[in-house]
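Asker: sharing a model that was predicted from the sequence below.
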Amino acid sequence: MTAERPRVMFLCTGNSCRSQMAEGWAKHLLGNPISACSAGIDPQGLNPLAVRAMAEAGVDISMHTSKRIDDCDPATLDLVITVCGHASETCPVFPGKARVTHREFDDPPALAANAKTDEEALPHYRRVRDEIRVFIESSLEALISANTNKMRESHK
């Protein structure tokens, strides 16, 4: 762990929806104790329905941008969390001390592929948004703590 705040990156394929939601929740719920970033294996741009679903929950991600891994300064990362199967399967090796873990979430755009309107699509985004929130609230601090303990053990 760095002497400062732990650096966490959420990684998915396009950095358009799930990883953006996870970054938004981490910043909103945990604030200053961590430094959160999100990235994609192949960035696709921010999904407007993800922005809308997060805004409904009081989290503004409208100014987020779809980023590549290098945009998150990978050498400084403490923890990388892949949030989709493709990112987990194709996740690169990170330099330095970053621990990689996987927590898969359903893909809202894929779930909503047959929706005729945004209103039909939004329930999928809301469900995944809420699942990501529960993960951030219940598991992220434990993962960071476990990563810290693992690094301490490796320095003994």
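Answerer: The structure has been received and is ready for your questions.
Asker: who's in contact with E56?
Answerer: Applying CB atoms under 8 Å, 6 or more residues apart in numbering to E56 gives the contacts R126. Using the backbone N, CA and C atoms, a C-beta is placed for each residue, glycine as well.
Asker: and the residue lying closest to C72 once chain neighbours are set aside, bridged to which residues?
Answerer: Nearest residue to C72, sequence neighbours excluded (CB to CB, 6 or more residues apart in numbering): C37, at 3.9 Å. Per DSSP bridges, the residues bridged to C37 are M9.
Asker: need the longest helix for this structure.
Answerer: When the chain is parsed with DSSP state H, its longest helix is helix 118-135.
Asker: so what secondary structure elements neighbour it?
Answerer: helix 18-30, helix 48-56, helix 108-111 (3 or more CB pairs under 8 Å, 6 or more residues apart in numbering; DSSP states H and E).
Asker: contacts only, for the residue nearest to C72.
Answerer: 7-10, 23, 67, 71-72.
Asker: can you get me a residue count around M63?
Answerer: For M63, the number of neighbouring residues by other CB atoms under 10 Å comes to 7.
Asker: quick one on the thing from earlier: out of the helices and strands packed on helix 118-135, nearest to S88?
Answerer: In terms of CB to CB, the element of the helices and strands packed on helix 118-135 nearest to S88 is helix 18-30, at 12.1 Å.
Asker: tell me which other helices or strands the closest one touches.
Answerer: Under the contact rule (3+ CB pairs under 8 Å, 6+ apart), helix 18-30 is packed against strand 7-12, strand 35-40, helix 48-56, helix 118-135.
Asker: please tabulate these in TSV, including the columns mean pLDDT.
Answerer: Below are the helices and strands packed on helix 18-30 laid out as TSV (pLDDT from 0 to 100):
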stretch	mean pLDDT
strand 7-12	95
strand 35-40	96
helix 48-56	98
helix 118-135	97
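Asker: could you say which one of the ones you listed comes nearest to R99?
Answerer: Proximity to R99 (CB to CB) singles out strand 7-12 among the helices and strands packed on helix 18-30, at 10.1 Å.
Asker: what's next to that closest one, contact-wise?
Answerer: Counting by CB under 8 Å, 6+ apart, 18-19, 22-23, 26, 34-41, 69, 72-74, 76-84, 86-87, 91, 98, 140, 144 sit against strand 7-12.
Asker: check stretch 77-95 too.
Answerer: Residues contacting stretch 77-95 (CB under 8 Å, 6+ apart): 1-2, 6-13, 18-19, 22, 40-41, 69, 74-75, 96-105, 107, 132, 140, 143-144, 147.
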